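[1] Here is the input, now give the coordinates:
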Amino acid sequence: MASSHGELRHLLPESYKRLIASWLEEDCPSFDYGGFVVGESEGEARLLGKSKGVVAGVPFFEEVFKQLGCTVEWHVKEGETIEPIRQCATVRGPIRKILLGERVALNILARCSGIATKSSSLVNALRSHGWKGTLAGTRKTTPGFRVVEKYGILVGGADPHRHDLSSMTMLKDNHVWACANKSGSTKSIESIASAIPVAVDAAKAAGGFATKVEVECRSIEEANAAIGAGADVIMLDNFTPEGVREVAKQLKTEWASKGKPPGTFLIEVSGGLTESNAATYASDDVDILSTSSIHQGTGIVDFSLKVSLR
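    As a prediction, the model looks like this:
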């Protein structure tokens with residue numbers, strides 16, 4: 001898929017190729033008995049899309065077969081929505097090698113396309129309600145599969161959020177509680193709010209000017225403390241839809257009057273957002289809606305490979 005700024009595949013680190021190699025090794029750690037039966041005959045296989053969805057994961061699919069000495073010719077573009085049954089690509093090479101990579105390639109493509117489909121669906125639903133903010137995934141990703149899941153989110157038109165602990169400083173409740181407990185304080189709203197500036201100062205000292213700081217807030221008191229301490233992103237976590245709209249508007253209005261105009265800090269909303277309720281949290285004062293529902297526990301887009309001899 002090409003964004004307005006270039007091909008998304010160009011974002012991928014070279015390390016994804018090592019992941020592909022490890023997944024191929026995992027699937028065939030010793031003898032390839034089925035491949036022995038097939039032999040070395042040349043042929044091709046049609047990649048068929050068997051359910052409706054957004055195609056995503058093209059670079060990973062290609063790399064599987066490239067490492068096995070096969071080629072892939074695509075008949076659809078990444079990011080395109082397909083209807084079943086659609087021939088999406090043709091894979092050519094030794095039949096033994098096509099079958100060796102078949103399941104790994106299909107598993108990656110199906111899962112990545114499922115995430116792109118769910119992301120696209122929720123983005124479109126939010127846009128239909130007139131919301132212009134950013135829909136983002138979360139770090140609740142599958143260990144070892146994060147780069148594929150984050151890529152699927154991008155193809156679906158959503159924001160991948162932070163990729164890892166080094167991408168941004170996220171001060172969640174446990175980080176702030178730990179700061180509050182350094183002095184033996186209890187976990188009251190007052191003590192947590194008073195500990196937020198200490199945590200933000202420490203985060204800024206460690207991360208420097210190039211690392212943004214986000215603070216998870218459970219109340220307007222905590223949000224005000226975080227904004228006053230210079231946090232870049234305020235996450236309103238597990239608020240009701242009505243509470244979100246009220247608090248976000250109050251924060252933007254009151255801090256604008258104190259010299260922090262819109263854009264000085266961003267307001268993110270998270271906690272239990274799904275396709276069925278996300279729009280109720282959206283308002284002009286909310287900049288980001290973040291959810292794991294677009295990549296965790298999503299369905300797949302069904303694909304299959306059908307082999308034929310040349």
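
[2] When you work out contacts or count neighbours from here on, use the C-alpha atoms and nothing else.
    Noted.

[3] count of residues packed around the closest residue to Gly230 other than its chain neighbours?
    Leaving aside its chain neighbours, Gly230 sits nearest to Val200 (7.4 Å; criterion: CA to CA, 6 or more residues apart in numbering). Here the number of neighbours of Val200 (other CA atoms under 10 Å) works out to 26.

[4] One more: Ser219?
    Using other CA under 10 Å: Ser219 sits among 16 other residues.

[5] cool, the one 3 residues further on as well?
    Residue neighbour count, defined by other CA under 10 Å, stands at 24 for Glu222.

[6] Are we agreed that it is in a helix?
    Yes - assessed with DSSP: H, G, I helix; E, B strand; the rest coil, Glu222 lies in a helix.

[7] is it true that it touches Ala195?
    No - judged on CA atoms under 8 Å, Glu222 makes no contact with Ala195 at a distance of 9.3 Å.

[8] Name the residues that touch stretch 112-130?
    The contact list for stretch 112-130, computed with CA atoms under 8 Å, 6 or more residues apart in numbering, reads 53-57, 79, 135, 148-149, 151-158, 275, 278-279, 282, 294-295, 298-301.

[9] ugh, typo on my part, it should be stretch 237-248
    Stretch 237-248 has contacts (CA under 8 Å, 6+ apart) with 216-218, 220, 236, 267, 269-272, 280-283, 285-286.

[10] By neighbour count, which of those wins?
    Most neighbours among the contacts of stretch 237-248, by other CA under 10 Å: Val269, with 28 neighbours.

[11] What strand or helix carries it?
    Element membership for Val269 (DSSP states H and E) is strand 266-270.

[12] Show me what that strand is packed against.
    strand 233-237, strand 288-290 (3 or more CA pairs under 8 Å, 6 or more residues apart in numbering; DSSP states H and E).

[13] After the first one, heading C-terminal, what element do we hit next?
    Reading on from strand 233-237 to the C-terminus, the next helix or strand found by DSSP H and E is helix 241-257.

[14] between that next one and strand 266-270, how many degrees?
    Between the axis of helix 241-257 and that of strand 266-270 there is an angle of 170 degrees, by axes from the mean of the first three to the mean of the last three CA atoms, to 10 degrees.

[15] any idea of the mean pLDDT for helix 241-257?
    Per-residue pLDDT values across helix 241-257 average out to 96.
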